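Enquirer: Here's my sequence, what's the structure:
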Amino acid sequence: MVAAEVEIGRGKSGRRAYAFDEIGIVPSRRTRDPEEVGVAWQIDAYRFEIPLLVAPMDSVVSPATAIAIGRFGGVGVLDLEGLWTRYENPEPLLAEIASLDESRATRRLQEVYSAPIKEELIGQRIAEIRDAGVTVAASLSPQRTAKLSKAVVDAGVDLFVIRGTTVSAEHVSGRAEPLNLKQFIYELDVPVIVGGCATYQAALHLMRTGAAGVLVGFGGGSAHTTRGVLGVAVPMATAVADVAAARKDYLDESGGRYVHVIADGGMRSSGDIAKAVACGADAVMVGSPIARATEAPGRGYHWGSEAHHGDVPRGTRLDLGTIGTLEQILFGPSHVADGSMNLIGALKRAMATSGYTEVKDFQRVQVVVTPQ
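Expert: This next block holds a predicted model:
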């Protein structure tokens, strides 16, 4: 069922779309014991105990935190265009970024990230994570994928993430040869997760490229200012539901090929994560909840790649503070009542309250639109 359009003015109309804050999960007549709920997730040949990826942002993923997240059963995605591939030892710069005055933060970020990416450091960082025995996931932007992908694959990455503010299967440019996603993925020997996208049609085109997973959203979440700078925004509940519909239709079109839907951005609490799955996500990619861990490399500050764009910065450095260890944020115990800790425990409880024991089944839960 396609939602009716709302008239904005005589010359323009648009669909009513919903954010996670505007929907609620409906509990069912049957409940379950949270201890009997399973949240394991598998994409391609890789199985994870929790359906959570940590976003490729220097404030949350370093080689050390990627290893820790992997040992907890999730996926830490390393940004291969970040400080860890530009500097041999970025720790002093991370400390400096955390100490910057607000008025200088954006300019200094642009300066720090202007250093060139070193291919030898790509191999070194991936090897560091691989040697720890966890699944290696790393990210490049579409603009640098063609140039650097060979170094990434040669280094032994397991999951390749192509992540941008908006990624399409057909990018038109008169300045340079664009990345041919379908050909690139076909020739690659590792599964690819690509995004972001926010509409049914864009997702369907990305699925047809052969991607193993599609990121829904514009990334960055709370550290993102794309809406204010570019005016680009799609509420996440509607976006996830639309892309989940594309997944279902592509499953029929392809004769049974399942593409995973990963909600990326806009999830600040455990309730948002549960709603993302309820709208159809197989897994979620989060940043700001993990930025508040004591182990996070940002030291309580959070920023994404958009924050240091050389021409049009579309992000900001946020001071989120720290609230507990990575283990406490993921599995508790929680000492606060705002949904910022025990993310996985809360997801299990939401599923149990609704009578579901598997993530795939929980995607069918009833939701309602809540008054604002």
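Enquirer: ok, now how distant is residue 15 from residue 235?
Expert: Computed as CB to CB, to the nearest Å, the residue 15 to residue 235 distance reads 10 Å. Where you see a C-beta, it was placed from the backbone N, CA and C, and this is true even at glycine.
Enquirer: Looking at the two, which has the bigger crowd around it?
Expert: Higher neighbour count among residue 15 and residue 235: residue 235, with 18 against 12, using other CB atoms under 10 Å.
Enquirer: show me what contacts the more buried one?
Expert: For residue 235, the contact set (CB atoms under 8 Å, 6 or more residues apart in numbering) comprises 17, 18, 19, 20, 22.
Enquirer: same question, residue 161
Expert: Here residue 161 is in contact with 56, 77, 137, 138, 139, 140, 192, 193, 194, 215 (CB under 8 Å, 6+ apart).
Enquirer: just to revisit the earlier point, now that we have the contacts of residue 235, which one has the most neighbours?
Expert: Busiest of the contacts of residue 235 [other CB under 10 Å] is residue 20, holding 24 neighbours.
Enquirer: I am assuming it contacts residue 276, so please confirm or correct that.
Expert: Yes. Taking CB atoms under 8 Å as the definition, residue 20 is a contact partner of residue 276 at 6.9 Å.
Enquirer: overlap in contacts of those two?
Expert: Shared contacts of residue 20 and residue 276, counting by CB under 8 Å, 6+ apart, come down to 236, 267.
Enquirer: Just confirm residue 261 is within a strand.
Expert: Yes. When DSSP: H, G, I helix; E, B strand; the rest coil is applied, residue 261 is found to be in a strand.
Enquirer: Show me what it bridges to in the sheet.
Expert: Beta-bridge pairing of residue 261 under DSSP bridges involves residue 214.
Enquirer: Go ahead and confirm it touches residue 211.
Expert: No. Taking contacts as CB under 8 Å, residue 261 lies outside contact range of residue 211: 10.9 Å.
Enquirer: pLDDT weak spots in the stretch 151-300 of the chain?
Expert: 165-178, 219-232 (pLDDT under 70).
Enquirer: Helices of the stretch 251-372 of the chain, start to end?
Expert: Secondary structure of the stretch 251-372 of the chain (DSSP state H, counting those that start in this stretch): helices located at 270-278, 288-291, 326-331, 343-353, 359-362.
Enquirer: closest to residue 100 out of the ones you listed?
Expert: helix 288-291 (15.7 Å; CB to CB).
Enquirer: wait, what's in contact with the residue nearest to residue 126 when sequence neighbours are not counted?
Expert: Spatially, and ignoring its direct neighbours in sequence, residue 126 is nearest to residue 155 (3.9 Å; CB to CB, 6 or more residues apart in numbering). With contact taken as CB under 8 Å, 6+ apart, residue 155 is in contact with 122, 123, 126, 127, 130.
Enquirer: Run a quick neighbour tally on the fourth one.
Expert: Same thing as residue 127. 14.
Enquirer: right, and it touches residue 152 too?
Expert: No. With contact defined as CB under 8 Å, residue 127 and residue 152 do not form a contacting pair (11.7 Å).
Enquirer: Excluding its own residues, what touches the strand or helix carrying residue 201? List them.
Expert: When elements are assigned from DSSP states H and E, residue 201 belongs to helix 200-207. For helix 200-207, the external contacting residues (CB under 8 Å, 6+ apart) are 167-170, 181, 194-195, 197, 214, 216, 242-243, 245-247, 249-250, 254, 259, 261.
Enquirer: Can you report how many residues lie near residue 366?
Expert: Neighbour number of residue 366 under other CB under 10 Å is 11.
Enquirer: Over to residue 123?
Expert: Residues within reach of residue 123, counting by other CB under 10 Å, total 16.
Enquirer: now do residue 323
Expert: Residues near residue 323, counting by other CB under 10 Å: 18.
Enquirer: For residue 15, give the beta-bridge partners.
Expert: Counting by DSSP bridges, residue 15 is bridged to residue 5.
Enquirer: circling back to that earlier point, what is the nearest of the contacts of residue 235 to residue 335?
Expert: For the contacts of residue 235, the nearest to residue 335 is residue 20 (23.7 Å; CB to CB).
Enquirer: The closest one: what's it in contact with?
Expert: The contact partners of residue 20, taken as CB under 8 Å, 6+ apart, are 235, 236, 237, 266, 267, 271, 272, 275, 276.
Enquirer: give me that answer again for 10 Å
Expert: 235-238, 240, 263, 266-269, 271-276, 278-279 (CB atoms under 10 Å, 6 or more residues apart in numbering).
Enquirer: Given the helix or strand hosting residue 196, what are its sheet partners and their directions?
Expert: For residue 196, the host element (DSSP H and E) is strand 192-197. Within its sheet, strand 192-197 is paired with strand 159-163 (parallel), strand 213-216 (parallel), according to DSSP bridges.
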